[in-house]
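>>> Pasting a predicted model and its sequence here:
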2 protein chains.
Amino acid sequence: MLYTSEAIESAIESLSSLPTIGRKTAQRLALHLLRQPKEDVQKLAHALLDMKEKVRYCSQCCNLTESDPCNICTSNKRNRTIICAVEEPSDLFAIERTNEYQGLYHVLHGALNPLEGIGPNDLKIKELLQRLSSGEVQEIILATNPNVEGEVTTQYLIKLLKPLHVKVSRLARGIPMGSDLEFADEATVSRALQGRVEV
Amino acid sequence: MLYTSEAIESAIESLSSLPTIGRKTAQRLALHLLRQPKEDVQKLAHALLDMKEKVRYCSQCCNLTESDPCNICTSNKRNRTIICAVEEPSDLFAIERTNEYQGLYHVLHGALNPLEGIGPNDLKIKELLQRLSSGEVQEIILATNPNVEGEVTTQYLIKLLKPLHVKVSRLARGIPMGSDLEFADEATVSRALQGRVEV
């Protein structure tokens, strides 16, 4: 046995099953944890267990939450007439970080991907349509990722939502801030031209 | 609160305190774990706790071990007349991976670094000298890292060990396998020249 301890071996194995963590990084993490005070390792382990124990999906927006409905769905500072549909909770966090958006969210938990067998029933689309039945919602912002799967999902949702007489919008595509027009790819420049804004 | 859940927030905080893991990676890891079955998260958490609980230092070679003395120190397949001194357990693993070395080890747990206040008493040097008192050891291989701290540590150990009438050797410095002479740095080429071997 390489590590002279089965406990180290299985910790490295568990760590290296995480995304972006290979065996070498896992070894570095395990050896780092062995140098730390026992309390720090306990804090990390309990934080992970605690998170897995407490966090579930909000029954309204399907976001991650400890209390159901989640803080955003129950907040009275939020504009309840507008819903932003995103693929993953991490996309929701990205929008929240801007402090720009004051409406509600809907987390689809994925994007349509026929090649991998992910169809409409695997996403939280039914739940989104149910939220429209109250008639309170006036606009849906489709904020899927700008790749093939996200585009397919958006087109599918547009077809579903248009007949429901709700305003459907999507995020602007264009040149990202701080970048150079020279180095932007053709698809981005072409979208920026199509979406040009009168000043 | 950004993450709509304190449990996610504190898991991300704990994860991002690990080396090489920033806040974005920590968020990705936390969201990944939330998608995994509960058993997997428990397995990871318990593997970390278990490792921290069971693993300690071998009283002879100061390597990480569950049983004291460690597997290497108690193995009867090992050559007990030769000790390889390394800075960290990860260096020991690197040498073990070669399957070349059949002697014992001594883990110093660091290198001399006066700027950071790491002196000889912070390393397991006393323990190394104690092991020589039995007279069984005939050779010490100094396998510190090829940087300033490693070099200082090696020079210090040479001064200590030479009067003890034990053979002291060190790892060869030279061109690494699979690299290009053209791209090797001056210090490496110069060491390779100094250490040239007659064929």
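Arrived safely.
>>> Quick check: phi and psi on the residue positioned nearest the centre of chain A?
Centroid-nearest residue in chain A, with C-alpha atoms, centre = their mean: A:Glu88, separated by 2.1 Å. Here is the backbone geometry of A:Glu88 (degrees, to the nearest 10): phi -130, psi 160.
>>> what residues are up against it?
A:Val107, A:His109, A:Gly110, B:Leu31 (C-beta atoms under 8 Å, 6 or more residues apart in numbering or on different chains). Where you see a C-beta, it was placed from the backbone N, CA and C, and this is true even at glycine.
>>> and which of these is nearest B:Pro19?
Set against B:Pro19, the nearest of the contacts of A:Glu88 by C-beta to C-beta is B:Leu31 (20.7 Å).
>>> what's the single longest strand in chain A?
In terms of residue count, the longest strand belonging to chain A (DSSP state E) is strand A:79-86.
>>> thinking again about what came up before, neighbour-wise, which of the contacts of A:Glu88 leads?
A:Val107 (25 neighbours; other C-beta atoms under 10 Å in any protein chain shown).
>>> which one is that residue nearest to, not counting chain neighbours?
A:Cys62 (4.5 Å; C-beta to C-beta, 6 or more residues apart in numbering or on different chains).
>>> Doesn't that neighbour belong to a strand?
No. A:Cys62: not assigned to a strand; according to DSSP: H, G, I helix; E, B strand; the rest coil it is coil.
>>> That one reaches A:Leu92, doesn't it?
No. Applying C-beta atoms under 8 Å, one finds A:Cys62 not in contact with A:Leu92, separated by 10.0 Å.
>>> which one of those two has more residues nearby?
Comparing A:Cys62 with A:Leu92 by other C-beta under 10 Å, the one with more neighbours is A:Leu92, at 26 against 23.
>>> Mind telling me what element that one is part of?
Taking DSSP states H and E as the criterion, A:Leu92 maps to helix A:89-96.
>>> Any chance you could list what contacts that helix?
By C-beta under 8 Å, 6+ apart, the surrounding residues in contact with helix A:89-96 are A:63-64, A:84, A:86, A:101, A:105, A:107, A:143, A:145, B:2-3, B:27-28, B:31.
>>> Flag whichever of those residues scores worst on pLDDT.
pLDDT across the contacts of helix A:89-96 is at its lowest for B:Leu2, which sits at 63.
>>> Tell me how many other residues crowd the nearest residue to A:Leu108 once chain neighbours are set aside.
Of all residues not flanking A:Leu108 in the chain, A:Leu123 sits nearest, at 4.6 Å (C-beta to C-beta, 6+ apart). Around A:Leu123 there are 23 other residues, counting by other C-beta under 10 Å.
>>> wait, isn't A:Leu123 in contact with A:Leu112?
Yes. Assessed by C-beta under 8 Å, A:Leu123 is found in contact with A:Leu112 at 7.0 Å.
>>> Need the overlap of contacts for the two.
Common neighbours of A:Leu123 and A:Leu112 (C-beta under 8 Å, 6+ apart) are A:Thr153.
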